[in-house]
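**Student:** please work out how this folds:
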Amino acid sequence: MVPVADKAAGNISQKFYKMKKIIFLYLLTGITLIASLKAQSNTGNTTTEFKVFGACEMCKARIEDALKIKGVKKAEWDVDTKQLKIEYNPLQVTLEKIQNRILAAGHDLENKKAKDIIYKQLPECCHYREMNAMMQDIQKESPIKNITGTSLPSLGTVIPNTVVKGLVAEEDTRGKFNPLPNASVYWLGTQKGVVTDSSGIFSIQHDGVHSRLVIGYTGYVSDTVTVTDLKELKIVLASNKHLKEVTVTGRQRASYISTISPIRTEVMTGKELLKAACCNLSESFETNPSVDVSYNDAVTGSKQIQLLGLNGNYTQLTVENLPGPRGIATPLGLNSIAGPWIESIQLTKGVGSVANGFESIAGQINVELKKPEASEKLLANIYQNDFGKTDLNLNLSQKIGKKWWSGLLLHDDFLYNKNLDENKDGFRDLPTGNLFSAENRYKYADEKGLLAQFGIKILADDKTGGETAFDPSKDKLGNQHYGLGIRTERYEGFAKIGYVFPQKKYKSIGLQLSAVSHRQNSFFGQTVYDAKQGGFYANLIYQSIISTTEHKFRTGISFQYDSYNEQFNITNFRRKESVPGAFFEYTFTPSENFSAVTGIRVDHNSLFGVFVTPRLNLRYEPVKGTVFRFSAGRGQRTANIFAENTSVFVSARNVNILSSGTGGAYGLQPEVAWNKGISLDQKFSAFGRDAMFSLDFFRNDFTSQVVVDMETPGAVKFYNLAGRSFSNSFQAEMSSMPFPRFEMKWAYRFFDVKTTYSGQLVSRPYVSPHRAFLSMDYTTVDNWKFDFTLTYNGPKRVPSTATNPPPYRQENNSPSFFLVNAQVSKTIGKHVPVDLYIGVENLGNFFQPVSIVAANQPFSPYFDASMVWGPVTGRMLYAGWRMKIK
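**Tutor:** Purely as a prediction, here's the structure:
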């Protein structure tokens, strides 16, 4: 047996305590250096201000970019006031030359106009002349003074066959208003509607019958306004805030599905993540009906997800579209990303874009972390539960000059209660130990279209589990008390560099880079598993149009490299895998009702040769509010049989790898599947408010798969599929708002998942065919929030234990059960808001009564802690405190 590197692993904690200090010094040094480069002299300069006409942020970038000339020290144009402030040296450049530069860029001055031929070449959203003309026409018809609606006219008589004009805009975090293109505007109870143009402006005919106008936009709850004066301009603000003087307000949904994108993606916003404690990524899906989260086993504390009835390793996990925890890090993955770090989560069922790689089979989960330029200056979070677990989080962000931002994310959690044993089987329900992680990142953005992000991440995790009487200093690898230890250290670096062509915003080029070093030293009873992984990823993407924006494309090249060194007891498994590839993706959007994305990529795997990945996504909206989507494509991945099945380590099962030949990974072939899916998203009105009903069906067919066969007690076999393997997934979901600030979501899901085990096609174990979901969320006007989630899980098939002695046998099917989670929170303070929250998980206190087979004989051939079909812990109470400084 190969000895474990105890000394090196034991020094992990000391290393990372030093790293905490280093990262703070690194941040401070970076800020100081950039600040020093910013310093400059302003001697001899002149400051002036005048009006320049424009419409949007693109206009701002164009105007300021035009003045990047010798002699102009500073130029700032305000989108709202249209005022340009400049600081220049009159000895180097004249004011007339400055103004001529602005005119040449296509922007009018108060006393001079840009040439029409230049103006017409501007993007539609920058056509300020038309917008100004419309505003002047509306001002003549209505005494509304400005965009805040501070002076509304008296209500008059409805006049048939006239036109209602309006502007839909959103308020950003700085209080500025930006137009919302493609917002829906229609008469309640009809299909008569329009969408706003690129400037957020709409014009809708009235028939003299209907008087309630519905305004909707993706990601916001639609609302209605009663129109009593059809000449009145309605200014609609889709904002997170409720402004009393505004005619209509929109409130952002906690989660939503974009109706515009041809790829069906559900976005879980930060608001959704606050409905539960969400200490880490795995807990972020407790309020989502599409994703199941469960423990891998009864002792390691690691969790896995299920999507479309398939294990989480078939779902591509990315962090900001870069590879997330994968390979050796698979069992750690969901626990390694702290909840307070997460800005949003994008969940895609089925195949996604070829630009993101070839590994997604069931779908993709992309996690967006908080960005320093858009997040709070400070977020502090303290969490404590009655099991004894504590979480500490600190997020910091800082703007450095005009072009730089810096962010620091820190997380530390620890549990030292080794007597947590609710089913009284003598084993700890959760491992004890400490996990520390940190990320330091920087962003650069200038007015010329150059963007850059880069940063580092570190993680140190030290876990001890097993029997409550286990003492690692005395019992490690012995046969007196069963125990386990998992020590992990992980380093990551990433960078993104992009350039957007200033005069052609549709054209851009970007480079994504990441590198990782991951080491794990572990033991499970008398089994040793040590592993190392090194990886590098690069992805170069270029996107543009063909003639018009109806025809868009993305193309690029990618490279992925992984090096693995695994030691399982006395057997060593080594491999190096490199995958260079190229891709092309074409998007066709002939109208607002139809869009298609078709893509293909060709890759060469150093172990398996060349393979092709085609993918297709279609969207069709026959009538407003009814969206059909279809997707189909291929996915391929390499199975990491030990890291993805650590539950076999906590059992007495003999491991058998039935190799299909030499080469490959463990002598096994890659996993390949074809995914097909169809969905319907239907918007409608319920209780006088916006609601949505969704249906989706997905099918996966494996042409090659690594089968994990645990159908024989005391053994686990890994072999290539010889027969059929498929999954069918159907889900129905409805969300509505019965009354203001009260949201409800219902869902039902059905799975039919089968695999051929030793020549027999049977249902996959631990997959519940039936699942139902209900969530209710209510927010009071004084910032009390109440969140409630109920989940029903149907029976699951359990692998046979028929040959075990009677005391160590399990039922062939688990019972059905309900899980209830609830949380109450209160926000206090205005300038520095503080959230106080308390909650309960598993309110009904249901847990699997026998989660470990032969727990009283852990070194017998019948011991098995992998047969988990339900919760391994009972009711858990928690409380926390969260403070934000914006």
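**Student:** in the stretch 51-200 of the chain, which ranges drop under the pLDDT threshold?
**Tutor:** Where the stretch 51-200 of the chain drops to pLDDT under 70, the residues are 124-125, 131-163, 170-178, 189-191, 198-199.
**Student:** quick one: the helices in the stretch 1-150 of the chain?
**Tutor:** Using DSSP state H, counting those that start in this stretch, the helices found in the stretch 1-150 of the chain span residues 6-10, 12-38, 57-66, 95-104, 116-119, 128-141.
**Student:** list the buried residues of the fifth one.
**Tutor:** Right, helix 116-119. For helix 116-119, burial by neighbour count (16 or more other CB atoms under 10 Å) applies to Tyr119. Glycine gets a C-beta too; all of them are placed from N, C-alpha and C.
**Student:** what is it packed up against?
**Tutor:** Contact partners of helix 116-119 among helices and strands, from 3 or more CB pairs under 8 Å, 6 or more residues apart in numbering; DSSP states H and E: none.
**Student:** what segments of the stretch 601-750 of the chain are helices?
**Tutor:** Under DSSP H, counting those that start in this stretch, the stretch 601-750 of the chain gives no helices.
**Student:** which residue ranges of it form strands?
**Tutor:** Assigned by DSSP state E, counting those that start in this stretch, the strands in the stretch 601-750 of the chain fall at 609-623, 626-637, 654-658, 671-686, 689-704, 706-709, 715-720, 725-739, 742-757.
**Student:** check the stretch 401-550 of the chain too.
**Tutor:** Using DSSP E, counting those that start in this stretch, strands in the stretch 401-550 of the chain cover 404-415, 432-445, 450-466, 483-500, 508-524, 527-546, 548-568.
**Student:** right, and the helix or strand after the last one?
**Tutor:** It refers to strand 548-568. strand 571-591 (DSSP states H and E).
**Student:** quick one: strands adjacent to that following strand?
**Tutor:** Taking DSSP bridges as the criterion, strand 571-591 sits next to strand 548-568 (antiparallel), strand 594-605 (antiparallel) in its sheet.
**Student:** who's in contact with the most centrally placed residue in the chain?
**Tutor:** Nearest to the geometric centre of the chain sits Ile345, at 1.9 Å (CA atoms, centre = their mean). Applying CB atoms under 8 Å, 6 or more residues apart in numbering to Ile345 gives the contacts 267-268, 273, 284, 365-368.
**Student:** again with Phe608
**Tutor:** Per CB under 8 Å, 6+ apart, neighbours of Phe608: 638, 664, 669-670.
**Student:** try it again at 10 Å.
**Tutor:** 577, 579, 636, 638, 663-665, 669-670, 672, 704 (CB atoms under 10 Å, 6 or more residues apart in numbering).
**Student:** so which of the residues you listed sits lowest on pLDDT?
**Tutor:** For those, the weakest pLDDT value sits at Gly663, with 73.
**Student:** for the spatially closest residue to that residue that is not a sequence neighbour, the count of nearby residues, please.
**Tutor:** Spatially, and ignoring its direct neighbours in sequence, Gly663 is nearest to Leu607 (6.5 Å; CB to CB, 6 or more residues apart in numbering). Residues lying near Leu607 (other CB atoms under 10 Å) number 15.
**Student:** what are the ranges of the helices in the stretch 151-300 of the chain?
**Tutor:** With DSSP H, counting those that start in this stretch as the criterion, the stretch 151-300 of the chain has helices at 270-273.
**Student:** in it, which spans are strands?
**Tutor:** 163-171, 177-179, 184-187, 193-195, 201-205, 212-216, 220-221, 223-226, 234-237, 248-249, 251-252, 255-257, 265-268, 291-295.
**Student:** note down every partner strand of the fourth one and its orientation.
**Tutor:** So the one you mean is strand 193-195. strand 184-187 (antiparallel).
**Student:** export the strand it pairs with to CSV, keeping only CA atoms.
**Tutor:** Output of strand 184-187 as CSV, limited to C-alpha atoms (Å, rounded to 0.1, in the frame of the first residue of the first chain):
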residue,chain,number,x,y,z
SER,A,184,-44.0,43.8,-24.8
VAL,A,185,-47.0,46.2,-24.7
TYR,A,186,-50.5,44.9,-25.3
TRP,A,187,-54.1,45.4,-24.3
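**Student:** who's in contact with the residue lying farthest from the centre of the chain?
**Tutor:** Distance from the C-alpha centroid of the chain, by CA atoms, centre = their mean, peaks at Leu91 (52.4 Å). Shown in contact with Leu91 (CB under 10 Å, 6+ apart): 44-46, 71.
**Student:** what ranges in the protein fall below the confidence cut-off?
**Tutor:** In the chain, residues with pLDDT under 70: 1-43, 124-125, 131-163, 170-178, 189-191, 198-199, 206-212, 217-253, 662.
**Student:** give me phi/psi at Pro340?
**Tutor:** Phi and psi for Pro340, reported as degrees, to the nearest 10, are phi -70, psi -10.
**Student:** grab the nearest non-local neighbour of it.
**Tutor:** Asn393 (4.2 Å).
**Student:** strand partners of the host helix or strand of that neighbour, parallel vs antiparallel please.
**Tutor:** Assigned by DSSP H and E, Asn393 falls within strand 390-400. As defined by DSSP bridges, the strand partners of strand 390-400 come to strand 378-385 (antiparallel), strand 404-415 (antiparallel).
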